[in-house]
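*Asks:* Got a predicted structure here, sequence first:
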Amino acid sequence: MNNIVLTTPAMLFPAISLLFLAYTQRFLALANLIRNLQLKEIDKSKKSGQIKNLRHRLYLMKLMQLFGVISFILCSISMMSMFLEYDIFGKIIFGISICGLIISLIISLYEVWLSTGAIEIALSDME
């Protein structure tokens, strides 16, 4: 019925690796924004709102990476379980791994939504 074999969880490894590259790039961009904000002379009230937004986005990135790592670990445990012929346990862990990946992606989508909103505000300030 369910044709999940040892190689099925292995298919997630490249996806998770690429996901972490993307997360790292987003983190580096956010860190760069924070450093630039520190150097700029901006009205205190505007700076306070930006700092709050950046702090929230940094927290979201932490969560994205946490759930991504959990997904990666569970995927590895799933493969080991299937290798040791604990197929049902391996399938359950693989399902939980997919859920972790989905949570990570949803948080990532929300963080992108926030970052584009911040860019919109910056653009409107420039007009």
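*Replies:* Received it, and whenever you're ready, just let me know what you need.
*Asks:* residues touching the residue lying closest to R26 once chain neighbours are set aside, list them.
*Replies:* Residue nearest to R26 in three dimensions, not counting chain neighbours: M61, with 6.5 Å by C-beta to C-beta, 6 or more residues apart in numbering. C-beta coordinates here come from the backbone N, C-alpha and C atoms, glycine included. M61 is in contact with Y23, R26, F27, L30, E111, counting by C-beta atoms under 8 Å, 6 or more residues apart in numbering.
*Asks:* measure E120 to L114 for me?
*Replies:* 11 Å (C-beta to C-beta, to the nearest Å).
*Asks:* now G90
*Replies:* For G90, the distance to L114 - C-beta to C-beta - is 36 Å.
*Asks:* what's the helix or strand where P14 lies packed up against?
*Replies:* P14 belongs to helix 12-39 when elements are defined using DSSP states H and E. When contacts are defined as 3 or more C-beta pairs under 8 Å, 6 or more residues apart in numbering; DSSP states H and E, helix 12-39 packs onto helix 44-83, helix 87-126.
*Asks:* To A15, which of those lies closest?
*Replies:* Among the helices and strands packed on helix 12-39, the nearest to A15 by C-beta to C-beta is helix 87-126 (7.8 Å).
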